[in-house]
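In: Show me how the following folds:
(2 chains)
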Number of protein chains: 2
Amino acid sequence: MIPVVLSGGSGTRLWPVSRASYPKPFNRLFDEPLLAVTLRRLAPLGSPWVVGVAGTEAPTRALLRAAGVPVEQAVFEPVGRNTAPAVALACHLFLLAGRGDEVAGVFPADHLIADEEGFRRAVRLAGKCAERGQVVTLGIRPTFASTGYGYIEAGDELFARDGDGKGSFAAYRTRGFREKPDGATAQRFLAAGSFLWNAGMFIFRVAVMADCLARFMPELWRRVREIAADRSNLAEVYPTLPAESLDYGVMEHLDAQVTIPCDLGWSDVGSWDEVARLDAAAGRRRGTVFAEGAGDNFVFPYGDKVYGLVGVDGLLVVDTADALLVARRGAAQGVKRLVEQIERAGRREASEHVFEERPWGGFEVLRDTERFKSKLIRVDPKQRLSYQSHRRRSEHWVVVRGRPEVTLDGEVRSLAPGDTIFIPTGAKHRVANPGDEPVEIVEVQLGDYFGEDDIVRYEDDYERG
Amino acid sequence: MIPVVLSGGSGTRLWPVSRASYPKPFNRLFDEPLLAVTLRRLAPLGSPWVVGVAGTEAPTRALLRAAGVPVEQAVFEPVGRNTAPAVALACHLFLLAGRGDEVAGVFPADHLIADEEGFRRAVRLAGKCAERGQVVTLGIRPTFASTGYGYIEAGDELFARDGDGKGSFAAYRTRGFREKPDGATAQRFLAAGSFLWNAGMFIFRVAVMADCLARFMPELWRRVREIAADRSNLAEVYPTLPAESLDYGVMEHLDAQVTIPCDLGWSDVGSWDEVARLDAAAGRRRGTVFAEGAGDNFVFPYGDKVYGLVGVDGLLVVDTADALLVARRGAAQGVKRLVEQIERAGRREASEHVFEERPWGGFEVLRDTERFKSKLIRVDPKQRLSYQSHRRRSEHWVVVRGRPEVTLDGEVRSLAPGDTIFIPTGAKHRVANPGDEPVEIVEVQLGDYFGEDDIVRYEDDYERG
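Out: You can find the predicted model right below:
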């Protein structure tokens, strides 16, 4: 089976930790980034592919490398276009590779599943149905009358089972998809017992989904073929595709489908309310929090900062270096609107962090003033920055970790912790990390302009202009 | 007149902005530090003295210099001992200087007074009464039935007036001092109209207060004389003095006293609730705050960080580099207990900031890790650090502002922005700022220990060990 991870969302409901430049699949909301957890959960089923979005190439590839997955198995949409174009692109790529008869499964990058073994058994059962030509969805048994999810109605059982008794899975005919219901309808769905949450997990034979897409979204399917056949079309054609979900574009039109009801400890980690609920369920405590007449508050700390709460309850407090959120529990919808407001005000904090991940590592801004800018730069093992120069700033580097190899105007030297080097304005320079340990450098820039766009690249391992 | 500013409180109710190492009189709660505002308010009355507390020498002297007041007019208690020992020390110093017949006034360093001109007229009227031998208090006309202040009861008018009609001040016989009342009593005080808030502002002839102290606190008075006569006794004797207020130790025992009721737009800036009230009254808006279904919240921002509030109201949010407070309005008492809790947990954030003010300038920690520590160091004009060395760290300095003069193992060199210098472990070094502009240096320390106590001093302008 070919697991396909859809990793294109921006997760603004988890602002300020999740921002477009470094969104939810990459954030350490728990011990590990959700995408890393997703890749590990899927690995026993097959070598996964990732459909990501532009701007997340560096952290995606880093997580793929860590998971032992070839980085070529990631493709990046220039802009997010919902799930139908992403699935169409994956299907075309698999068809071109002659894998049309294989079973593929589509999974969101940023959900949590407590029962991973159960999940894989359910997917394998789905795979068996998919081999017979069926399009299969995993449906999550609702635990409350949610109005935030779409629903799948299950019909008759199909006599395809994974074992017997408690914990076994069975396949049902799908009676239909239902959009997010109102409260009363959600209550009715819950009471009926035959309605399941649609968690966006689909399993199908590639050729079958290709037929569906060609039949129900012919224009999309044709235009994605241009991209798959010649990826140089990606940047131009992809943004013109309709932003449509696979559910709406394909699944709702299918007559014969299969649903496998699941009880997996699933969470979409869709809001800070949900993170707080998962913390409470796991007895997880974060950071250094002192309370005086305060209780039932959730704090997502920044570093080892101290948090003091006095006389407050039911709050979500989420801190980062450059932005803080204080929200009332249950107010998740407001966070999305808040970020839209911050975006409209033109503040970079809506979508960017003070740290940036790059193909070669990353950096964090320590101080940015009119006179100077200081950064902590990390170069990952076996990576190197482009050969570059700056027009309006000089740079002092102090190596604080690892053994970098610095090229300065053609001359190469090896440095160790404690060594410094001065990069005059206009000098060509590059830093490489030939070692197995990360390199860390404190940089002090001096000049009259410190923008990231003051860079002339002469050579680049990552083909950037 | 000799204005005496009492600047010894720690202001823990304004944590995390106010901490023992850099307390309320020095914080920029509004445009300027409260001590700076207090010094300017008093300057037209006479050249002020300051009784401060150990650890605040550097910022106190900096504010005195800025106000054109000789730094010798500041004395520092080794530990805070409430107001009676501080006033006794000041009186002894004035007696020794032969100023026993002059009028002195005692004023807290950290209160706000909107009507500064009215304040000075009231003090001058008090001065006239004091010349006649009376001990005078300024009493604040209550604006609500506060249970947080002591009260002064005014008796008969004394026919000492400052002009006539609206805005004029008149002196009254003091009928007595009342400790903080319960709610019902406070209501009765407010209704009676003759009760005033005790704001700790006392005006008296030095010799008169000396007599009072000698009479009502003879032991204290005697022991403070030892200190005033020989300041080398300060560190040993002062901490053994009783921590008692002038109100309790002297004022409450006096029969003949004068009170001047005042309506000055006074505030003790005693809590975040009060800062929020002052902000609202002044229409002051702070920082970059976005709200979604949120209102009536107060945010005290850290730098240019972005704040997002969703579905919350009535909150006080106070942010700093290393500690955040979220409190419900009206919960001021809890903040004091919260800080006690943080103190008990042994966290430095209870009493220290990530920045430190020193006699020569100050520094801020940019990053503190196991491998390295980076600071931004500021050396004020005409100041220099001690000649020193470190046992367990080397230092790289990058000058980012000003023209420092660096001595390294006896050799002196002048540096400019962009210049760097390396201080090996064990090397004797010092930095001086001979110029008129502040010097700023980014420092990167490497070693295995970065504590402030790893310092050997060979020479110091500020007589530190």
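In: so where is chain A shaky, pLDDT-wise?
Out: Counting by pLDDT under 70, the ranges of chain A that qualify are A:465.
In: so where do the helices sit in it?
Out: Listed in chain order, the helices found in chain A under DSSP state H are A:34-42, A:57-67, A:83-96, A:116-131, A:183-192, A:206-216, A:218-229, A:234-237, A:246-249, A:272-282, A:332-344.
In: Same list (these) but as a markdown table, adding distance to chain B.
Out: C-betas here are computed from N, CA, C, even on glycine. Rendered in a markdown table, the data for the helices of chain A read as follows (distance: least, Cβ to the nearest Cβ, whole Å):
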| stretch | distance to chain B |
| --- | --- |
| helix A:34-42 | 22 |
| helix A:57-67 | 21 |
| helix A:83-96 | 28 |
| helix A:116-131 | 33 |
| helix A:183-192 | 19 |
| helix A:206-216 | 38 |
| helix A:218-229 | 35 |
| helix A:234-237 | 31 |
| helix A:246-249 | 28 |
| helix A:272-282 | 9 |
| helix A:332-344 | 4 |
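In: quick one: which of those is nearest B:Asp380?
Out: Nearest to B:Asp380 among the helices of chain A is helix A:332-344 (37.7 Å), distances taken as Cβ to Cβ.
In: Now tell me what touches that closest one from outside.
Out: With contact meaning Cβ atoms under 8 Å, 6 or more residues apart in numbering or on different chains, helix A:332-344 is reached by A:12-15, A:270-274, A:325, A:327, A:349-351, B:290-293, B:306, B:308-311.
In: backbone phi and psi for A:Leu415, please?
Out: Main-chain torsions, A:Leu415, degrees, to the nearest 10: phi -120, psi 160.
In: hang on, isn't it packed against A:Val406?
Out: Yes. Taking contact to mean Cβ atoms under 8 Å, the distance of 5.9 Å between A:Leu415 and A:Val406 places them in contact.
In: what's the spacing between A:Val75 and chain B?
Out: Here the criterion is Cβ to the nearest Cβ, to the nearest Å. By it, A:Val75 lies 33 Å from chain B.
In: show me the contacts for the spatially closest residue to that residue that is not a sequence neighbour.
Out: Of all residues not flanking A:Val75 in the chain, A:Val51 sits nearest, at 5.6 Å (Cβ to Cβ, 6 or more residues apart in numbering or on different chains). With contact set as Cβ under 8 Å, 6+ apart, A:Val51 has these partners: A:4-8, A:74-77, A:86-87, A:89-90.
In: burial count for A:Asp409?
Out: Close neighbours of A:Asp409, defined as other Cβ atoms under 10 Å in any protein chain shown, add up to 11.
In: actually A:Asp268, sorry about that
Out: For A:Asp268, using other Cβ under 10 Å, the count is 17.
In: got a list of what the closest residue to it other than its chain neighbours touches?
Out: Taking Cβ to Cβ, 6+ apart as the measure, A:Asp268 lies nearest to A:His111, with 5.2 Å between them; neighbours along the chain are not counted. For A:His111, the set of contacting residues under the criterion of Cβ under 8 Å, 6+ apart consists of A:34, A:38, A:199, A:266-269.
In: Over to A:Gly447?
Out: A:Gly447 neighbours (Cβ under 8 Å, 6+ apart): A:390, A:392-394, A:425.
In: Export those to a markdown table and append columns for distance to chain B and neighbour count.
Out: Rendered in a markdown table, the data for the contacts of A:Gly447 read as follows (distance: Cβ to the nearest Cβ, whole Å; neighbours: other Cβ atoms under 10 Å in any protein chain shown):
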| residue | distance to chain B | neighbour count |
| --- | --- | --- |
| A:His390 | 14 | 21 |
| A:Arg392 | 13 | 13 |
| A:Arg393 | 10 | 20 |
| A:Ser394 | 6 | 16 |
| A:Thr425 | 10 | 15 |
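In: A:Gly293 touches A:Val310, doesn't it?
Out: Yes. A:Gly293 lies in contact with A:Val310 (Cβ under 8 Å); the separation is 6.3 Å.
In: hey, what's in contact with both of the two?
Out: Listed as contacting both A:Gly293 and A:Val310 by Cβ under 8 Å, 6+ apart are B:331, B:334.
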